[in-house]
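Engineer: Pasting the sequence and the predicted coordinates here, then a few questions.
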Amino acid sequence: MGVAENIRRLRNESEMTQEQLAERIGVARSTVAQWERGWTKPRMGMVSRLAAAFGTTPSAIVAEPGASHDDAFVGPAILTLHSIADAGSDVTGATQEAARKTEVPISLLVRHPHARAVLMEGDAMDRMCPPGMVVVFDPDLEPTNGRIAVVETSGQIVIRRLFRGNGTMLLVADSHQAHDDIVLAGGDDARLLGTVIWVQCPKELA
């Protein structure tokens, strides 16, 4: 009954009715009622929506009493998959609705609840992230030297290995092709969007 109790408790703590919660996450009120009675359980994609509605993490929804951390977080979760161009903006409305979805391990969202997913473009990182791969990054995680970072500079979004030193930031490609390093001085217009934490194929291999 852990999931049912968690949903009911979090809904009451959020001072929402079943109908209000259902409207927020896009299901029927009867679906919420079935979850809270333990008759059915939400799919993992819906767990992410519930967590967002309550302002918490998926772990707060699926944890069973006495379950270990690893036991609680198995299966997929759903992220909206945006283009590289959308990585630095809050995509809402029609654009968000038109965006594709991608499945990632739910344990990834437990550790990185604000993670975002983009589709890799170009071959600048093809040793690690070939074109067309799904790249997941955490906007709350500050990239350290050598980590793959998502950076907005001169109106473009780039994904590169990041190195800092002497007031500069060096963005280095990791590619089978030749790419110039991007050197950014302290006064250059650059914004760190996050650190890459996960790379996967956009769909199952045949």
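Structural biologist: Sure thing, it's come through.
Engineer: contacts and neighbour counts: CA atoms only from here.
Structural biologist: OK.
Engineer: And the residue lying closest to residue 145 once chain neighbours are set aside, how far from residue 45?
Structural biologist: When the adjacent residues along the chain are set aside, residue 145 lies closest to residue 163, with 4.6 Å between them (CA to CA, 6 or more residues apart in numbering). Relative to residue 45, residue 163 is positioned 36 Å away (CA to CA, to the nearest Å).
Engineer: now the strands for this protein?
Structural biologist: 76-83, 100-105, 116-119, 134-138, 148-153, 156-165, 168-172, 182-185, 190-200 (DSSP state E).
Engineer: circling back to that earlier point, distance of the residue nearest to residue 145 from residue 128?
Structural biologist: Distance of residue 163 to residue 128, computed by CA to CA: 17 Å.
Engineer: okay, the two: which has more neighbours?
Structural biologist: residue 163 (18 against 13; other CA atoms under 10 Å).
Engineer: The more buried one pairs with what?
Structural biologist: When bridges are called by DSSP bridges, residue 163 pairs up with residue 170.
Engineer: burial measure for the residue nearest to residue 132 when sequence neighbours are not counted, as a count.
Structural biologist: Leaving out its chain neighbours, the residue that sits closest to residue 132 by CA to CA, 6+ apart is residue 120, at 5.2 Å. Neighbour count of residue 120, defined by other CA under 10 Å: 23.
Engineer: residues contacting residue 120?
Structural biologist: By CA atoms under 8 Å, 6 or more residues apart in numbering, the contact set of residue 120 is 83-84, 129-135.
Engineer: Repeat that for residue 117.
Structural biologist: For residue 117, counting by CA under 8 Å, 6+ apart, the contacting residues are 79-82, 102, 134-137.
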